[in-house]
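got a structure for you, letters missing:
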């Protein structure tokens, strides 16, 4: 069961209304706030204001894991990327005063576009499917060539050691949210430290959760905005590509579905080899021989994220309506990673 969100607390909406009137008077009065049902981590609301519709994104209530639910970082990185050719929503204001809603939060513009949750894109024809995937790849290539220094983000993360830090952070997060013993996860935690790829390129802005359902896509199949930057930092330019490919390897039957077991050519969707080759062509980056280790690493990382959802479900503090179902994916995700490591580059 989903827990109370910040605006469920008596008096919270009145505090929000007063704060917006004082700090963003150009928006006019708040007429209605309605919570989006999707989103596993940070409660997100549509705000109907006199000036139009906007989006409120908040941390969840309750005890938060260290470095999790970093909506302040989300606001900062999107504000900076607004200067670049990576499409993001326009930022309005951010608030770290816990006296207002009890959590950190920010408001951004509402970008028109659809969130596509099924990677098979059943409501589109083959030509449009290919266009959407290539549009996503184009945005990813732009992100992978960002210059953090030019965007004022040189201190947004450390310039090197991303993979080692992520392995440490998500091992710690996994241990803090562990609710069952998963042998495959233990295998990944044991083997990955000795196999992590060398970081051979200058750090770029990394989204950290770059997949289809974190994009807003218009009716022509073009990406209008990349959203959900909670896990963003600085890191190697292959991070988001390898993560996206990991997401696509997930089985088509899982709660968060991938394209595993799908006839891609019949659907007109580019396969992983095509996407990786196009990315290399667009960015000039070379794809390493240990690509499978990158993918296995992301299986571990995503399994740890899913386990965090499982922990919130067990504590009654989950944000999304489908959180309990999504949480069951942690175990098969870890098993996929262990299988990829065992098979190696073959």
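Perfect, thanks for sending it. Here the structure is a predicted model, which is why all the values come from computation and not from measurement. Numbering: from 1, shown residues only.

how many other residues sit next to the closest residue to residue 229 other than its chain neighbours?
Here the nearest residue to residue 229 in space, its sequence neighbours aside, is residue 74; by Cβ to Cβ, 6 or more residues apart in numbering that works out to 4.4 Å. Bear in mind the C-beta positions are built from the backbone N, C-alpha and C, glycine included. By the criterion of other Cβ atoms under 10 Å, residue 74 has 24 neighbours.

For residue 74, which three-state class applies?
For residue 74, the secondary-structure state derived from DSSP: H, G, I helix; E, B strand; the rest coil is helix.

residue contacts, it?
Contact criterion Cβ atoms under 8 Å, 6 or more residues apart in numbering gives 42, 57, 106, 228, 229, 230, 232 as the residues in contact with residue 74.

and the first one, what does it touch?
Spelled out, that is residue 42. Applying Cβ under 8 Å, 6+ apart to residue 42 gives the contacts 57, 58, 59, 60, 69, 71, 74, 230, 319.

Take those residues and keep only those in helices.
Within the contacts of residue 42, membership in helices is found for 71, 74, as judged by DSSP state H.

Could you work out the most separated pair of the contacts of residue 42?
74 and 319 (14.6 Å; Cβ to Cβ).

Which helix or strand lies directly C-terminal to the helix or strand hosting residue 242?
Assigned by DSSP states H and E, residue 242 falls within helix 239-249. Later in the chain than helix 239-249, the nearest helix or strand by DSSP H and E is helix 264-267.

contacting residues around that following helix?
With contacts defined as Cβ under 8 Å, 6+ apart, helix 264-267 is touched by 120, 121, 126, 129, 270, 271.

7 Å instead?
120, 126, 129, 271 (Cβ atoms under 7 Å, 6 or more residues apart in numbering).

go on, stretch 224-236?
41-42, 69-71, 73-74, 77-78, 86-89, 111-113, 139, 148, 156-159, 162, 199, 201, 203-209, 214-218.

try stretch 5-21
27, 30, 33, 35, 43, 45, 58, 60-61, 95, 100-103, 319.

Out of those, flag the one nearest to residue 331.
Distance to residue 331 across the contacts of stretch 5-21 (Cβ to Cβ) is lowest for residue 319, with 21.2 Å.

For this protein, which residue occupies the most central location?
Centre of the chain computed as the mean C-alpha position; nearest residue by Cα atoms, centre = their mean is residue 209, 2.8 Å away.
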